[in-house]
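S.K.: model this:
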Amino acid sequence: MTELLLLLLLLLLPVAVYLGWWFARTLGRRSSKKSQQLFSNQYFQGLNYLLNEQPDKAIQVFLELAEVNKDTVETHMALGSLFRRRGEVDRAIRFHQNIIAKPGLEPEQRTQALLELGEDYMRAGLLDRAERLFSELIETGAHTPSALRSLLDIYQQEKDWKKALEQAQQLEQVSGEHMGDVMAQFCCEMATDCLAAKDREGARRQLRRARRHDPACIRARFVLADICSQEDDFLRAMDLYEEIADLDADYIPEILDDYLEVAERTGQASRSRQKLDEWAENYKGISLILKVSEFIAEEQGGAAAGRFLVEALASKPSVRGLDHLIDLKAEGYLDAESSDDILKAVTARLMSRQPEYRCHHCGFSGQTHHWQCPSCRKWGTTRKIHGVLGE
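M.R.: Residues are numbered from 1 along each chain as shown. Purely as a prediction, here's the structure:
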């Protein structure tokens, strides 16, 4: 009897072990599934808060999630970035430092966390720490373009134009992004520094580098024209100003006075007068129109200047032009019978182009009053505009 009972126990022992293992496994699965479901619900609840612009609630939800691991690191990095955007840089730094300190992260995740930490340092004004961090990333070849862009931003803030130029060159090589126009600006900055130190030759070298990086660099021509004027090389300065106008007519108001001055100094007044007429055919800016009207007044009299200005203002009204037109009327150069009608017409054209109402919340402007702003949808925020052309 004892032997039979012992044999029965031996046969039932494996069954009991299997049943215990099966129950444990089933309960574990249920617990894991329940935990995963809870995590998933919390995660999507946090995302919902973010999408509905409720960051405070989103932060609270994310803080209650599981500890940082390779599965939750993206959520924690997003949370750290959220702190940074909210201006809570200290909390963002702690979040990203906590991520970096965790073992078992994927290399890509660690690198991304380092980039985020560098952005935190930049936002906090800790540029030296950010510089060291981004430099280390570049040395390891991790996220090089992103790190280079951040370093480029740092050196521009610090006005370290030499290092900024080096980073821009490296970024162009790594990413294929055209950086010539930016590098030309850095060279112009160094040329300006050389001029401040009375090193004209050094400035010229930097300007040559600028034009190699960007053959159409407007600023390099501006600086070189100043150098030529200082050295009494007025013909060269005149050529440079004309190049600027040909490259971009919007810079004509910036060069106008200097151009006419060097033209007078070098006896090229007729050349400059001809150029003004050429530019006026395509560029209708008021500075050029007023300057041409001054020459017409000298050459043909005030009445001719008034007629020219009236015709110009009819197609492009301007407050400055109207002011000059009033001066011509006061001096008796406008036809007394029609001058009032002309002034009234120009004023009406100016007023018709001005908005009368502006939303105090978002700045939307228009000709009519709205109880609800069409842009930001706020109620009762639209008011009459006050100022020279308003109330």
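S.K.: give the contact list for residue 202.
M.R.: Contacts were defined as CB atoms under 8 Å, 6 or more residues apart in numbering; by that measure residue 202 touches 191, 194. Placement of C-beta: from N, CA and C, glycine included.
S.K.: helix or strand: which one has it?
M.R.: Residue 202 belongs to helix 200-213 when assigned by DSSP states H and E.
S.K.: right, and the helix or strand after that helix?
M.R.: Using DSSP H and E, the next helix or strand after helix 200-213 towards the C-terminus is helix 218-230.
S.K.: what about that next one, average pLDDT?
M.R.: The pLDDT scores in helix 218-230 average 94.
S.K.: following that helix in sequence, what is the next regular element?
M.R.: The helix or strand immediately downstream of helix 218-230 is helix 234-247, counting by DSSP H and E.
S.K.: could you check the angle helix 218-230 makes with that following helix?
M.R.: With axes from the mean of the first three to the mean of the last three CA atoms, to 10 degrees as the basis, helix 234-247 and helix 218-230 are set at 160 degrees to each other.
S.K.: so what secondary structure elements neighbour helix 234-247?
M.R.: Helix 234-247 sits against helix 218-230, helix 252-265, helix 269-282, with contacts defined as 3 or more CB pairs under 8 Å, 6 or more residues apart in numbering; DSSP states H and E.
S.K.: so where's the stretch 1-150 of the chain uncertain?
M.R.: Residues of the stretch 1-150 of the chain meeting the criterion pLDDT under 70: 1-93, 95-118, 120-122, 124-128, 130-131, 133, 135-144.
S.K.: the helix holding residue 202 vs helix 218-230, what angle?
M.R.: Interaxial angle of helix 200-213 relative to helix 218-230 (the same axes, to 10 degrees): 150 degrees.
S.K.: dump helix 200-213 to PDB, keeping only the CA atoms.
M.R.: Output in PDB follows, covering the C-alpha atoms of helix 200-213 (Å, rounded to 0.1, in the frame of the first residue of the first chain):
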ATOM      1  CA  ARG A 200      42.400  97.600 -45.300                       C
ATOM      2  CA  GLU A 201      44.500  94.900 -46.900                       C
ATOM      3  CA  GLY A 202      43.100  92.200 -44.600                       C
ATOM      4  CA  ALA A 203      39.600  93.500 -45.400                       C
ATOM      5  CA  ARG A 204      40.300  93.200 -49.100                       C
ATOM      6  CA  ARG A 205      41.400  89.600 -48.700                       C
ATOM      7  CA  GLN A 206      38.200  88.800 -46.800                       C
ATOM      8  CA  LEU A 207      36.100  90.500 -49.500                       C
ATOM      9  CA  ARG A 208      37.800  88.400 -52.200                       C
ATOM     10  CA  ARG A 209      37.000  85.300 -50.300                       C
ATOM     11  CA  ALA A 210      33.400  86.500 -50.000                       C
ATOM     12  CA  ARG A 211      33.000  86.900 -53.700                       C
ATOM     13  CA  ARG A 212      34.500  83.400 -54.300                       C
ATOM     14  CA  HIS A 213      31.900  81.900 -52.000                       C
END
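S.K.: for that helix, list every residue counted as buried.
M.R.: 203, 204, 206, 207, 209, 210, 211, 213 (16 or more other CB atoms under 10 Å).
S.K.: residue 359: neighbour count?
M.R.: Residues lying near residue 359 (other CB atoms under 10 Å) number 19.
S.K.: list the contacts of it.
M.R.: 365, 373, 375, 376, 378, 381, 382.
S.K.: filter these down to the buried ones and hand me the PyMOL line.
M.R.: Filtering the contacts of residue 359 down to the buried ones (16+ other CB under 10 Å) takes a single PyMOL command:
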select buried, resi 373+381+382
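S.K.: quick one: the strands in the stretch 251-391 of the chain, in order.
M.R.: Ranges of strands within the stretch 251-391 of the chain are 357-359, 365-366, 382-384, based on DSSP state E, counting those that start in this stretch.
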